[in-house]
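[1] Output the structure for:
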Amino acid sequence: MECDIDTQHAEVSRAHSFADEAIRVQTGATTRRPRLRNHSCSVQGMPLHHESDIGLFDIGIVGCGPAGLSAAIWSARYGHTVVLMDNGDPRNWESRGMNGYLGLPGLRPAALRASGRDELQRYGATLIDASVLRVDRDDETEPLDHDVGDGLLIFRLEGGQTARARRALLAIGMRDVWPEIPGLAHVYGANAHVCPDCDGYDSRDKRVVVIGHGRRAVAMALALTTWTSHITIATNGCAPDIGDDTLQRKLDACGIGVLTDSISGVEHSGSEITCLRLANGDAWHIDKLFFTIAQFPADDLGAQLGCERDRGGHIVVNEHFATSVRGVFAAGDITPGPQLAIRSAAAGAVAAMSMHRSLVPEHRKLEAQD
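    I've put the predicted structure just below:
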């Protein structure tokens, strides 16, 4: 059976349903988390019930993960007016702890977000809990400062509200496509993962299965050889798609086998994996799962604005985190490169510096010397 991952948008609702189940299992919650298209809007907790212009800001940021929060805090410390818009649906909400974040081992993503939001509000920034439907340019409005006038960017929020800003930062992140396997939600975040760099350390000498196929699965399996030699790729009924002799030779050299049977479920005791049950009835006794099916941008704002993107949908930026669109910046997992929380936070800070410098009038700047 061939598996088509080109139609990634068709997988979004299914991926979200598995993530919802993971939250319910891990927290006992009976309500679902907000959807990407959240039909409520509030400004710093105050609901907005009618169409309104929330205001004009120096910097508008979409996304409240490490990149967006870091950029907002740094921008506010530069004295800029900042509006941060977020739909409350982060990629790593199901994770039980972040690894490798300096000084904060095992910190839950929700705790980092809550702390960052509290810190940001102390600087007087505006937080809007709503989805941004689109961002439009307004090049006709007379700029407030001719030295830095690049027109305005209009953020159109669900519910009819708008916010305007002179600079925009897209920190919208990426989404993972989940395999449709019963029981996966019960172990996700504890013993099922998507990031070898983040969670490979806890797989030391463990029996690991990588769910996926093709080059992506081979790359993940090879990455995990840093920590364990007990690795199998499970394609879950898909064709292996490992026709490249180089890929097969690398798998053979590392003793990595390929299992093509369909998977009927992940059996578990609490969050511990007891076995991977195959459709033919066989049971594979394993300790850890990693999966790499596909990922896609969490929103299409970059495409709407016409930002240059790579083949994976990431927004291409320069060393200042500026996109190909004037006045628009991007940071975090939505840009190419390693997808690590600590890197995203650093990128957000550098993006804030770049946006600040772009807003400083020419008479307050010196030309850079070679």
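[2] Residue 237 - nearest residue in space that isn't next to it in sequence?
    Excluding its sequence neighbours, the residue lying closest to residue 237 (Cβ to Cβ, 6 or more residues apart in numbering) is residue 262, at 3.7 Å. Where you see a C-beta, it was placed from the backbone N, CA and C, and this is true even at glycine.
[3] That neighbour is in contact with residue 211, isn't it?
    No: checked against Cβ atoms under 8 Å, the pair residue 262 and residue 211 is beyond contact range at 11.2 Å.
[4] Settle it for me: which of those two has more neighbours?
    residue 211 (26 against 15; other Cβ atoms under 10 Å).
[5] tell me the contacts of that one?
    179, 181, 217, 233-236, 263, 289-293 (Cβ atoms under 8 Å, 6 or more residues apart in numbering).
[6] Among those, name the buried ones.
    179, 181, 217, 233-236, 263, 289-293 (16 or more other Cβ atoms under 10 Å).
[7] where along the stretch 251-370 of the chain do the helices fall?
    301-305, 341-359 (DSSP state H, counting those that start in this stretch).
[8] what about these, which gets the closest to residue 250?
    Closest to residue 250 of the helices of the stretch 251-370 of the chain is helix 341-359 (Cβ to Cβ; 26.7 Å).
[9] average pLDDT for that closest one?
    Taken as a whole, helix 341-359 has a mean pLDDT of 97.
[10] mind starting the numbering at 47 from now?
    Taking 47 as the first residue, the last one we looked at is helix 387-405.
[11] Just the buried residues of that helix, please?
    For helix 387-405, by 16+ other Cβ under 10 Å, it's 387-391, 393-402, 404-405.
[12] And that helix, what does it pack against?
    On a contact count with 3 or more Cβ pairs under 8 Å, 6 or more residues apart in numbering; DSSP states H and E, helix 387-405 meets strand 99-108, helix 112-123, strand 208-216, strand 374-376.
[13] quick one: that helix to strand 208-216, angle?
    Angle between the axes of helix 387-405 and strand 208-216 is 120 degrees (criterion: axes from the mean of the first three to the mean of the last three Cα atoms, to 10 degrees).
[14] nearest residue to residue 355 other than its sequence neighbours?
    residue 361 (5.7 Å).
[15] for residue 245, that is, sorry about that
    residue 239 (4.0 Å).
[16] gap between the residue nearest to residue 120 when sequence neighbours are not counted and residue 404?
    Leaving aside its sequence neighbours, residue 120 sits nearest to residue 398 (Cβ to Cβ, 6+ apart; 3.5 Å). Remark: distance between residue 398 and residue 404 (Cβ to Cβ, to the nearest Å) = 11 Å.
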